[in-house]
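> Build me a model:
(2 chains)
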There are 2 protein chains.
Amino acid sequence: MHGSPDNLRRLSLAARAPGLDANALAAIATLSPDLELLERQRAHELGALSIAPETIGYFRCPDESLIAADLRWLENGDCTVLPSTSPDYPRLLRGSPNAPPVLFVRGAVTALGEPQIAMVGSRSATAGGLATARRFAANFARMGLAITSGLALGIDAASHEGALEAGGVTIAVLGHGLDTIYPRQHRALATRIAASGALVSEFPPGTPPLPANFPQRNRIIAGLAHGTVVVEAAQDSGSLITARLAGVAGREVFAVPGSILNPMVRGCHELIRQGAKLVEGVEDVLTELKISLSTQLLADAAGPTADSGKPGGPLDKEYKILLDALAFEPASVDSLIDRTGMNSESIASMLLILELDGHVAPHPGGRYSRMAGK
Amino acid sequence: MHGSPDNLRRLSLAARAPGLDANALAAIATLSPDLELLERQRAHELGALSIAPETIGYFRCPDESLIAADLRWLENGDCTVLPSTSPDYPRLLRGSPNAPPVLFVRGAVTALGEPQIAMVGSRSATAGGLATARRFAANFARMGLAITSGLALGIDAASHEGALEAGGVTIAVLGHGLDTIYPRQHRALATRIAASGALVSEFPPGTPPLPANFPQRNRIIAGLAHGTVVVEAAQDSGSLITARLAGVAGREVFAVPGSILNPMVRGCHELIRQGAKLVEGVEDVLTELKISLSTQLLADAAGPTADSGKPGGPLDKEYKILLDALAFEPASVDSLIDRTGMNSESIASMLLILELDGHVAPHPGGRYSRMAGK
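Purely as a prediction, here's the structure:
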């Protein structure tokens, strides 16, 4: 995903411009597909797009040394910058409020296209909470779901590790530049995550882990995932922010209950009182998610053909095409794209539902086969 | 509450007649206040009241030896039979579906007029569950709430004991005649309960503890109480029936969550998923109950004067009268009845709300005083 030096330079400009979001970048790209309008000599033309004066001000006088540093970081083999205008930019995140204009990625950009479950919780979780996070993450991974979390101590780390131990994909969203890892003791874990999954940040290289960055980072965790599971969270913890952001983004929020004598589950109980789904195991999450995904896909499918009087029709047809394209020999998503002409996002979502329904089986390496007898 | 031998004989007839509920008994009492229509020579007149033929059949040919046994049981000093037509019959139970026509009571009939919380749960609860039940019951009792349960092993017994240890009132509703106690190991507990509270059954003396009686008994537990708290319950347990009956009767259902590794809380989690309120402590129950009681009393008060355009008016006025009748010296409910002319049920409900609002303080012996500064 490495573009021309000019292109990378402009993505660095977009990432560092204050007050620019994914929608604004999309508007700019409509007018100027190569983003040349972001360069200082043409930035004054952005006024026509209702871009804020302070944003335009930045483009007129950017810090060239920081841009050079970003370009140097991008020279690392596994480092990428992904604009919101790219077809690889995760669709769910793109549809969430205040999506970042640019994502810095270390690892596999394709991991961001996987259907994801966010798992978050307390930094000072109990041993029981950590075991639950690890078990849930491993079970989700075995179902073909990627685990998205924040690489923090406690529940976050246990969730990433559970996914890795099950041979699954996991994504860590960080509240700082990807040139460092915070907390430092998770550097080895970060390397393991980047090997099959991805480290992601909206913050350019060199951004320190400022406390203010973390609630902002949480909206990306929530935005990437179909649902967010809170495992152990004290009252007024950061995990509750992530859960609320997931709710705001229209995603499902799940909370694991616990003993009323354990103060580390107060936040989970509060979420349940506020309407989060109580979950005892991954099956509960998958059941809810299946309903939610079906509704969502039905709505997507019904959108352009709402007047056909047969809302299930277009959906069923796409599923049939996908099932026909699947063989009993495992096939990769790429080969399914070739066979069906559908995009990877649609295929990933439909595969998840077909898998939950027992029509397809997942295989190592992100391949899928049709189940015998279906 | 002992009536004439004729009257007691007719209550025994009513209790033993198949298919007779509180509404049917009330209809009969309207026509024949002394219930003489229940006697064999006049039973044919009941046809005019849409009483079922099998019920009338019983009255025409009752088992006189069983009636004699009931009358002998009623000769015990603390044994009473309470018809649904009595002003002492608990108002909430009277308003619940399929209320029994007659209650047999051992202990203090006045206990049935106290505002009650039902606490139910597993017979094979964990040590943690038993401790929670005991603590919740003691805290409710200290707030002036009576604890209603079923005298079963496990959560039921712990709830009764918690209330007794805090010097509170507790009510055990049994699924058999009050001439025996089941399980046998709770005979001493039953005696302690009857000393300040009451044992209650719709089943006449001599009725054995048949399994079919217990779900029926559960509706009385749910019907007596403002809300039902389920502490530990496995999936598909009898406690869930009580909770569902509480919901059907329009009462609040509360469930205490627990570790997902504890199979004894699965039922509680299921209830929460179905809409029961998750509670971590008695404060959570009282907060909900206060809202629910306020709404209920407001609705009661607004009923006859709905067109006054000032729904809160009549309620506020009654509260003011009650507060004015309260002194800083503790007063009994009986003396408040004398002072205000209101009935004991209204006074008990209003005292509960005033207490939750911090306007009145409870004292031993069911007395209340006004709080200084209010």
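> Only C-alpha atoms from now on, for both contacts and neighbour counts.
Will do.
> Check which residues of stretch A:161-172 are buried.
A:Glu161, A:Gly162, A:Ala163, A:Leu164, A:Ala166, A:Gly167, A:Gly168, A:Val169, A:Thr170, A:Ile171, A:Ala172 (16 or more other CA atoms under 10 Å in any protein chain shown).
> what does stretch A:171-182 give?
In stretch A:171-182, the ones that count as buried by 16+ other CA under 10 Å are A:Ile171, A:Ala172, A:Val173, A:Leu174, A:Gly175, A:His176, A:Gly177, A:Leu178, A:Ile181, A:Tyr182.
> Distance from it to the middle of the chain?
Relative to its chain's centre, stretch A:171-182 lies at 14 Å (CA atoms, centre = their mean, to the nearest Å).
> How about stretch A:146-161?
13 Å.
> The residue nearest the centre of chain A and chain B, how far apart?
By CA atoms, centre = their mean, the mean C-alpha position of chain A lies nearest to A:Leu224, the distance being 2.5 Å. According to CA to the nearest CA, to the nearest Å, A:Leu224 and chain B sit 26 Å apart.
> what about the closest residue in space to that residue that isn't next to it in sequence, how many neighbours?
Counting by CA to CA, 6 or more residues apart in numbering or on different chains, A:Leu224 lies nearest to A:Leu93, which is 4.7 Å off, once chain neighbours are set aside. Number of residues near A:Leu93 (other CA atoms under 10 Å in any protein chain shown) recorded here: 23.
> Could you say which helix or strand holds A:Leu93?
Under the criterion of DSSP states H and E, A:Leu93 resides in helix A:91-94.
> Contact residues of chain A facing chain B?
Residues of chain A lying close to chain B (CA under 8 Å from any CA of the partner chain) are A:Val256, A:Pro257, A:Gly258, A:Ser259, A:Ile260, A:His269, A:Ile272, A:Arg273, A:Lys277, A:Leu278, A:Glu280, A:Gly281.
> wait, which of the residues you listed is closest to A:Ala137?
Proximity of the residues of chain A next to chain B to A:Ala137 (CA to CA) peaks at A:Gly281, which lies at 10.5 Å.
> Wait, that closest one touches A:Ala138, no?
No: with contact defined as CA atoms under 8 Å, A:Gly281 does not count as touching A:Ala138 (11.6 Å).
> The two: which is more packed in?
Shown here are A:Gly281 and A:Ala138; by other CA under 10 Å, A:Ala138 has more neighbours (27 against 16).
> quick one: what helix or strand has that one in it?
A:Ala138 is part of helix A:127-142, with elements assigned from DSSP H and E.
> Just list what that helix packs against, helices and strands only.
Secondary-structure packing of helix A:127-142 (3 or more CA pairs under 8 Å, 6 or more residues apart in numbering or on different chains; DSSP states H and E): strand A:116-120, strand A:146-149, helix A:155-165, helix A:282-302.
> Make a markdown table from the ones you listed and add mean pLDDT to it.
Rendered in a markdown table, the data for the helices and strands packed on helix A:127-142 read as follows (pLDDT from 0 to 100):
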| stretch | mean pLDDT |
| --- | --- |
| strand A:116-120 | 96 |
| strand A:146-149 | 97 |
| helix A:155-165 | 98 |
| helix A:282-302 | 71 |
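> just the strands in the stretch 201-350 of chain A please.
Using DSSP state E, counting those that start in this stretch, the strands of the stretch 201-350 of chain A run over A:227-230, A:252-255, A:277-278, A:331-332.
> so which of the ones you listed comes closest to B:Ala246?
strand A:277-278 (21.6 Å).
> follow-up on the earlier one: restricted to helices, list the residues of chain A next to chain B.
A:His269, A:Ile272, A:Arg273 (DSSP state H).
> Which one (most neighbours) among those residues?
Highest neighbour count within these, by other CA under 10 Å: A:His269, with 27 neighbours.
> For chain B, see how far away the closest residue to A:Thr228 other than its chain neighbours is.
Spatial nearest neighbour of A:Thr228, excluding adjacent residues (CA to CA, 6+ apart): A:Ala118 at 4.5 Å. As judged by CA to the nearest CA, A:Ala118 and chain B stand 19 Å apart.
> what about the nearest residue to A:Gly281 once chain neighbours are set aside, how many neighbours?
Closest residue in space to A:Gly281, ignoring its immediate chain neighbours: A:Phe136 at 7.0 Å, by CA to CA, 6+ apart. Neighbour count of A:Phe136, defined by other CA under 10 Å: 25.
> now do A:Ala43
For A:Ala43, using other CA under 10 Å, the count is 18.
> Quick check, it in contact with A:Thr55.
No: if you go by CA under 8 Å, A:Ala43 and A:Thr55 don't touch, sitting 9.5 Å apart.
> I'd like the buried residues of stretch A:171-182 laid out as CSV, including pLDDT and secondary structure.
Supplementary listing: the buried residues of stretch A:171-182 in CSV, determined by pLDDT from 0 to 100; DSSP: H, G, I helix; E, B strand; the rest coil:
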residue, pLDDT, secondary structure
A:Ile171, 98, strand
A:Ala172, 98, strand
A:Val173, 98, strand
A:Leu174, 98, coil
A:Gly175, 96, coil
A:His176, 97, coil
A:Gly177, 97, coil
A:Leu178, 98, coil
A:Ile181, 97, coil
A:Tyr182, 95, coil
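> a markdown table for these, including distance to B:Gly113?
What follows is these, written out as a markdown table (distance: CA to CA, whole Å):
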| residue | distance to B:Gly113 |
| --- | --- |
| A:Ile171 | 60 |
| A:Ala172 | 59 |
| A:Val173 | 59 |
| A:Leu174 | 60 |
| A:Gly175 | 60 |
| A:His176 | 63 |
| A:Gly177 | 67 |
| A:Leu178 | 68 |
| A:Ile181 | 65 |
| A:Tyr182 | 62 |
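> So A:Thr126 sits against A:Val265, correct?
No: if you go by CA under 8 Å, A:Thr126 and A:Val265 don't touch, sitting 9.7 Å apart.
> Pick out whichever of these two has more residues nearby.
Neighbour count, other CA under 10 Å: between A:Thr126 and A:Val265, A:Val265 has more, with 29 against 17.
> which residues touch the more buried one?
The contact partners of A:Val265, by CA atoms under 8 Å, 6 or more residues apart in numbering or on different chains, come to A:Val231, A:Glu232, A:Ala233, A:Ala234, A:Gln235, A:Val256, A:Pro257, A:Gly258, A:Ser259.
> could I get the helices and strands packed on helix A:127-142 as TSV with distance to B:Leu31?
Output for these, formatted as TSV (distance: least, CA to CA, whole Å):
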stretch	distance to B:Leu31
strand A:116-120	67
strand A:146-149	71
helix A:155-165	70
helix A:282-302	56
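> now the stretch 151-300 of chain A, which segments are flagged as low pLDDT?
A:291-300 (pLDDT under 70).
> let's see 80
Scanning the stretch 151-300 of chain A with the threshold set as pLDDT under 80 gives A:290-300.
> quick one: secondary structure of A:Ala125?
coil (DSSP: H, G, I helix; E, B strand; the rest coil).
> didn't it look like it was pressed against A:Val230?
No: the criterion here is CA under 8 Å, and A:Ala125 misses it with A:Val230 at 11.5 Å.
> These two: which is more packed in?
Using other CA under 10 Å, the more surrounded residue of A:Ala125 and A:Val230 is A:Val230, with 30 against 23.
> Looking at strand pairing, list the partners for the more buried one.
Beta bridges link A:Val230 to A:Val120, A:Ala255, judged by DSSP bridges.
> quick one: contacts for A:Val248?
Contacts of A:Val248 (CA under 8 Å, 6+ apart): A:Pro97.
> Could you rerun that using 10 Å?
A:Ser96, A:Pro97, A:Arg219, A:Ala222, A:Gly223, A:Thr242 (CA atoms under 10 Å, 6 or more residues apart in numbering or on different chains).
> and if you look at A:Val81?
A:1-3, A:8, A:11-12, A:15, A:70-71, A:74, A:102-106, A:109, A:200-202, A:204.
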